[in-house]
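1. show me how the following folds:
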Amino acid sequence: MKRRAWPWALAAGAICALSLAPFAWLVLTSFKSAGQVTAIPPVLWPGGGLELYRSALSRFGLMHFVLNSLLVAGGTTVISLTLGTGAAYALARLDLPGRPWLMGALLLVSMFPQISLAGPIWRMLQSAGLLNTHLGLIIPYVTLTLPLAVWILTSYFSELPRELEEAALLDGCGRLGALVRVVLPLAGPGMFTAAILVFIYAWNEFFFALLIMTRRSVQTLPVGIALFQGQYTMPWGEIAAASTVATVPLVLLVFLFQRRIVSGLSAGAIKG
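-> Predicted structure coming up:
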C-alpha cells in the first residue's frame, strides 16, 4: 500500500509546487533591487533587501492603504457576524415557516454576479452621499458576505446539543441569554471560520472598491496596489512588495488556524 501511495504523493507534491511557484516568485521579487526586477535574464536570488518595501511605504503610501483595508474588512466582519449570528440562530433553533426557502434565498443572493449589482448599489450610495466613504464600501460587503456567514453559522448551531439551551431556558434565561451564555461559547470554531472567510473576502475584494472609492485617500489595498504608477514604467518591484504585504498575513492566518477553519466548514456535513 505504501508503494502504491508514492505516485499520488509525488503528484500532490508537483501540484503544490506549481501552485506555490508564482507566490514564491512574488516574494522573491519583493526582496530584489530595482535593477534586478527588470534584469534579463531574470535574477533568481534577491539582493535588494527591504529597498522595495521602503519605496512602497514612502513613495506610494502603502501603509495608508493597509489601514483603509483593515478598517473596511474589520467593520464588515463585525457587522456580518453580528447580524449573521442572530439570523443563523433563528434558522437553526426556531420553527420558522418556509425555512428551506429562506436558506435557498440566501444561497441565491450569494450567486448574483457583481456586475449586475454594480449599477443599483452605486446609485443608492450616491443618493445617500456614501460614495468615497468607508461605510459606503462596508454596506455592499456586508450584503455579499452575510449569506456566507449565515450558512456557516446555521450549520454549526444545528450541530450543538439542544439540551444545554433547554436547561438554560428552564433556569430563567431567555433566548438571547441562552445564545450569549451557552451557544456562542461553544460555537467558537464556527464563528472563527465565518470571521476569517468574511475578512478575507473584504480584504481581497477589488471590483466594488474600485467602483465606489475613486479618491486616493480612501482606497483599499487591492485598488491602491493596482493604481501604483511610475513616471515612465510600471513599478513592478513596489507592486510585488505591496502584494506580499497584502497576501502573507492572510496565508499565515489560514495556515495557523486551518484546523479550526476546516472544523467550522465541515460542521453539519455529516448527519448521524
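2. output the below-cut-off pLDDT ranges for the stretch 51-200 of the chain.
-> Within the stretch 51-200 of the chain, no stretch has pLDDT under 70.
3. can you give me the helices for it?
-> Taking DSSP state H, counting those that start in this stretch as the test, the helices found in the stretch 51-200 of the chain are 51-60, 62-93, 99-110, 114-128, 134-159, 162-170, 175-178, 184-186, 188-204.
4. Ser19 is nearest to which of those?
-> helix 188-204 (17.1 Å; C-beta to C-beta). No exception for glycine: its C-beta is placed from N, CA and C like everyone else's.
5. what's the following helix or strand after that closest one?
-> helix 207-212 (DSSP states H and E).
6. what sits closest to Leu62 if chain neighbours are left out?
-> Of all residues beyond its chain neighbours, the one nearest Leu62 is Ala56 (4.4 Å), with distances taken as C-beta to C-beta, 6 or more residues apart in numbering.
7. the one you found and Met63: what is the separation?
-> 9 Å (C-beta to C-beta, to the nearest Å).
8. neighbour count winner among these two?
-> Ala56 (28 against 12; other C-beta atoms under 10 Å).
9. residues contacting the more buried one?
-> Residues in contact with Ala56 (C-beta atoms under 8 Å, 6 or more residues apart in numbering) are Leu62, Phe228, Glu238, Ala241, Ala242, Val245.
10. just the element for the fourth one, please.
-> Secondary structure here is read from DSSP H and E; on that basis Ala241 sits in helix 236-256.
11. Thr214 against Leu131, yeah?
-> Yes. In this structure, Thr214 is within contact of Leu131 by C-beta atoms under 8 Å, at 7.5 Å.
12. the two - which one has more neighbours?
-> Neighbour tally, Thr214 and Leu131, criterion other C-beta under 10 Å: the higher count belongs to Leu131, 17 against 11.
13. TSV for the helices of the stretch 51-200 of the chain, including distance to Ala14?
-> TSV is the format used below for the helices of the stretch 51-200 of the chain (distance: least, C-beta to C-beta, whole Å):
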stretch	distance to Ala14
helix 51-60	30
helix 62-93	34
helix 99-110	33
helix 114-128	34
helix 134-159	32
helix 162-170	47
helix 175-178	51
helix 184-186	41
helix 188-204	27
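14. what's the closest of those to Ser33?
-> So among the helices of the stretch 51-200 of the chain, helix 51-60 is nearest, using C-beta to C-beta, at 5.8 Å.
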